[in-house]
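Participant: coords below, sequence missing:
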Ligand SMILES: O=C(CO)COP(=O)(O)O
């Protein structure tokens with residue numbers, strides 16, 4: 001089964017009209033591997049600007065959403081609004097959301113269910129913190145996250161799983177290709193045992209945590225690494241090299 005390589009630039013809370021405009025120019029004119037699906041996740045306030053200026057061959061993602069269509073939820077945006085403004089994807093469960101904003105597995109599950117009801121693609125992040133890794137509970141943490149995800153997914157064709165080594169995010173040092181491959185293989189095995197073999201074979205599992213132009217090729221060569229979610233590296237021209245990691 002071939003899984004289309006998937007690279008998401010997660011801009012997080014970065015950029016301005018000027019810098020985003022420049023980044024979009026770079027992406028629109030770059031020579032990119034046509035076999036790669038590329039998604040840019042912009043801050044909510046720049047979503048429409050990004051969608052209108054970025055070449056239609058790219059998708060655009062929101063970085064979060066809420067669990068109901070509308071109402072008295074100051075500061076939140078809904079999947080219906082994200083769709084209404086022309087986006088196809090939303091990132092859910094990013095380690096920022098889990099560990100700075102205290103989102104639980106259960107809450108992230110509710111977000112997944114509601115985003116799917118609105119036909120939004122979901123890029124769902126899983127992964128362990130440094131503390132959890134040191135305690136030796138990585139598998140336990142990831143499988144609990146997977147259970148909350150699987151309990152809420154209706155359409156696996158619209159899910160991309162992102163394994164983010166929490167301890168590698170923003171450090172400049174990615175997890176080793178061997179570590180990432182091992183975790184991705186375990187996640188696939190979990191899917192085979194708890195969802196189905198077809199889903200285990202078809203769902204894309206991408207890696208995040210200090211992916212850089214110079215280290216992405218070795219990661220991309222691993223058999224269960226189907227792409228990347230990229231923070232800092234997605235704000236620079238280097239992102240083009242990461243998209244082209246398999247070319
Ligand atoms: O959190 C990440 C992507 O969602 C990774 O960020 P960095 O690539 O900056 O480590």
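Facilitator: Perfect, I can see it now. Here the structure is a predicted model, which means the values were calculated and not measured.
Participant: ok, the residue positioned nearest the centre of the chain - contacts?
Facilitator: Geometric centre of the chain, nearest residue: residue 123, 4.3 Å, by Cα atoms, centre = their mean. Applying Cβ atoms under 8 Å, 6 or more residues apart in numbering to residue 123 gives the contacts 8, 39, 41, 61, 89, 90, 91, 92, 160, 162, 206, 229. C-betas here are computed from N, CA, C, even on glycine.
Participant: Secondary structure element for it, which one?
Facilitator: Element membership for residue 123 (DSSP states H and E) is strand 121-126.
Participant: Note down every partner strand of that strand and its orientation.
Facilitator: strand 89-92 (parallel), strand 159-164 (parallel) (DSSP bridges).
Participant: ok, the contacts of residue 123 vs the ligand, which is closest?
Facilitator: Within those, proximity to the ligand (Cβ to the nearest ligand atom) peaks at residue 229, which comes in at 4.4 Å.
Participant: Just confirm that closest one is within a strand.
Facilitator: Yes - counting by DSSP: H, G, I helix; E, B strand; the rest coil, residue 229 is located in a strand.
Participant: Pull the contacting residues for it.
Facilitator: The neighbourhood of residue 229, defined by Cβ under 8 Å, 6+ apart, consists of 7, 8, 10, 91, 123, 125, 162, 164, 206, 207, 208, 211.
Participant: any idea what sits nearest it, other than its immediate chain neighbours?
Facilitator: Spatial nearest neighbour of residue 229, excluding adjacent residues (Cβ to Cβ, 6 or more residues apart in numbering): residue 208 at 3.6 Å.
Participant: Any idea how many residues pack against that neighbour?
Facilitator: Residues near residue 208, counting by other Cβ atoms under 10 Å, number 28.
Participant: That one is in contact with residue 231, isn't it?
Facilitator: Yes - counting by Cβ atoms under 8 Å, residue 208 touches residue 231, with 7.1 Å between them.
Participant: Now residue 183. Nearest residue, chain neighbours left out?
Facilitator: Once flanking residues are discounted, residue 183 sits nearest to residue 163: 5.5 Å by Cβ to Cβ, 6+ apart.
Participant: try residue 119
Facilitator: residue 83 (7.0 Å).
Participant: Quickly find the element holding the one you found.
Facilitator: helix 79-84.
Participant: Check which helices and strands that helix sits against.
Facilitator: Helix 79-84 is packed against helix 105-117, with contacts defined by 3 or more Cβ pairs under 8 Å, 6 or more residues apart in numbering; DSSP states H and E.
Participant: Give the buried residues for the helix it packs on.
Facilitator: Using 16 or more other Cβ atoms under 10 Å as the burial criterion, the residues of helix 105-117 that qualify are 105, 107, 108, 109, 110, 111, 112, 114, 115, 116.
Participant: Quick one: these as JSON lines, columns for distance to the ligand too.
Facilitator: Output for the buried residues of helix 105-117, formatted as JSON lines (distance: Cβ to the nearest ligand atom, whole Å):
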{"residue": "105", "distance to the ligand": "18"}
{"residue": "107", "distance to the ligand": "19"}
{"residue": "108", "distance to the ligand": "15"}
{"residue": "109", "distance to the ligand": "19"}
{"residue": "110", "distance to the ligand": "21"}
{"residue": "111", "distance to the ligand": "16"}
{"residue": "112", "distance to the ligand": "17"}
{"residue": "114", "distance to the ligand": "21"}
{"residue": "115", "distance to the ligand": "17"}
{"residue": "116", "distance to the ligand": "21"}
